[in-house]
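J.: below: sequence and its predicted model.
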Amino acid sequence: MSESNFTRFVEVGRVVLLKDGPLAGKIAVIAEIIDHNRAIVDGPTTGVPRQAFPYKHLVLTPFSLKKLPRAAGSGVIKKQVEKEAIVEKWDKSAWAQKRAAVEKRRTLNDFGRFQVMVAKKQRRDVVRKAVKKASA
């Protein structure tokens, strides 16, 4: 049997990103697999209540909790998440930082977008001058 290219599996303890509904953008942990379409997710440290969620509304992350028993309660999941510092790992990941940057840009008003444009023009000017000086 050949090695699989996949590394993120639907499994108990897998950290997931919710991509639909009022909790979109929050992370949770798969506590139990119901069937081929749904899993019970729980996010005691991120404000996600224990509930059934369809897989099509979840995105698997590269993080997972080691040695999490099946059908673990919220208390056990909370202890494991805090012990393995999952939320901190997520916040430091490039994926989470990119999502935060996109959200920050999305909430800017007109003046904020203007400030971004001016900053980009200034940066572009500095880079252009440095490249010209280096090539000369």
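T.: Here it is on my side, so go on.
J.: quick one: the longest helix anywhere in the chain to chain centroid distance?
T.: Determined from DSSP state H, the single longest helix within the chain is helix 110-135. Counting by CA atoms, centre = their mean, to the nearest Å, helix 110-135 is centred 30 Å from the centre of its parent chain.
J.: measure stretch 103-117 end to end?
T.: Stretch 103-117 has an end-to-end distance of 17 Å (criterion: CA to CA, to the nearest Å).
J.: which residues touch that stretch?
T.: Where contact means CB atoms under 8 Å, 6 or more residues apart in numbering, the residues beyond stretch 103-117 that reach it are residue 25. C-beta coordinates here come from the backbone N, C-alpha and C atoms, glycine included.
J.: what's residue 53 sitting at in phi/psi?
T.: As for residue 53, its main-chain torsions (degrees, to the nearest 10) stand at phi -140, psi 130.
J.: skipping its backbone neighbours, what lies nearest it in space?
T.: Leaving out its chain neighbours, the residue that sits closest to residue 53 by CB to CB, 6 or more residues apart in numbering is residue 41, at 4.8 Å.
J.: find the centremost residue of this protein, please.
T.: residue 96 (4.7 Å; CA atoms, centre = their mean).
J.: isn't that residue up against residue 90?
T.: Yes: Residue 96 lies in contact with residue 90 (CB atoms under 8 Å); the separation is 5.2 Å.
J.: how about the strands of the chain, start to end?
T.: For the chain, the strands defined by DSSP state E occupy 14-18, 27-33, 38-43, 48-54, 58-64.
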